[in-house]
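Undergrad: need a structure here:
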Amino acid sequence: MDINAAIASERRRIADLVDSLTPAQLEVPSLCGEWTVRQVVGHLVAAVSPLPARQMLAMFVTSGFRLHKANARLAVAVARRPSLASDLRRLASSEFRAPVVGYPGQLTDLQVHGQDMRRPLGLPHGLDLQRLRVSLEFLTGGRAIGFTPRRRLAGLRLEATDLSWSWGSGAALAGPAEALMMAVAGRRVALADLDGPGVRMLAGRLPGR
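TA: You can find the predicted model right below:
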């Protein structure tokens, strides 16, 4: 797979999604923390089109030098732009490579956040199975920093029922690749689409109730 082409394609798909949404839909709470759908898009745009360096530094300082808090504030700031879809489409082919997580992490970020938006809106995902395979391999590969803690998957066997893919040993957790990806990434709502004794185990390790 050409992973850069896959990343560009997912950015364009999300830009098309944003163009199709009403203002009210953009303000619907997403599955990602306290962000709205619009603010999730802001995060994805900020990843390839951040604020000017001076503004970024000021935000980092006023966030108490806490990177996670600064990133959250950055997403909210960028989300105010009226050109989110066009910005994401214009920057779709950016070959910026995120440190540590690399291109697989960037593809996973796009696929997970795409679902953070589509699921609350009741929209079909249309995700490519081979791209989902890349994300599942990434999430279980030990380098998914910021996506899932390693201990979350201890003693579990993941099985994608729509893809010839499995990982781990222990209590089975089976279902569509999209639902597996979302559950591993901490989205509790996806557990309803999974089966097996591993569902209860994973549920006890995810945030929220």
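Undergrad: for this structure, which spans come out with low pLDDT?
TA: For the chain, applying pLDDT under 70 flags the ranges 50-71, 209.
Undergrad: what packs against the longest helix anywhere in the chain?
TA: Across the chain, the longest stretch assigned as helix under DSSP state H is helix 102-121. Helix 102-121 is packed against helix 3-20, helix 37-46, helix 129-139, helix 177-184, with contacts defined by 3 or more Cβ pairs under 8 Å, 6 or more residues apart in numbering; DSSP states H and E. C-betas here are computed from N, CA, C, even on glycine.
Undergrad: and if we set it to 6 Å?
TA: Helix 102-121 sits against helix 3-20, helix 37-46, helix 129-139, with contacts defined as 3 or more Cβ pairs under 6 Å, 6 or more residues apart in numbering; DSSP states H and E.
Undergrad: leaving out the residues flanking it, which one is nearest to the most centrally placed residue in the chain?
TA: Centroid-nearest residue in the chain, with Cα atoms, centre = their mean: V112, separated by 2.7 Å. Excluding its sequence neighbours, the residue lying closest to V112 (Cβ to Cβ, 6 or more residues apart in numbering) is A185, at 4.9 Å.
Undergrad: contacts only, for that neighbour.
TA: 112, 147-148 (Cβ atoms under 6 Å, 6 or more residues apart in numbering).
Undergrad: repeat that for L206.
TA: Taking Cβ under 6 Å, 6+ apart as the criterion, L206 is in contact with 186, 188.
Undergrad: i'd like the first residue to be 36 from this point on
TA: Noted, 36 is the first residue going forward, which turns the last one into L241.
Undergrad: perfect, I'm done here.
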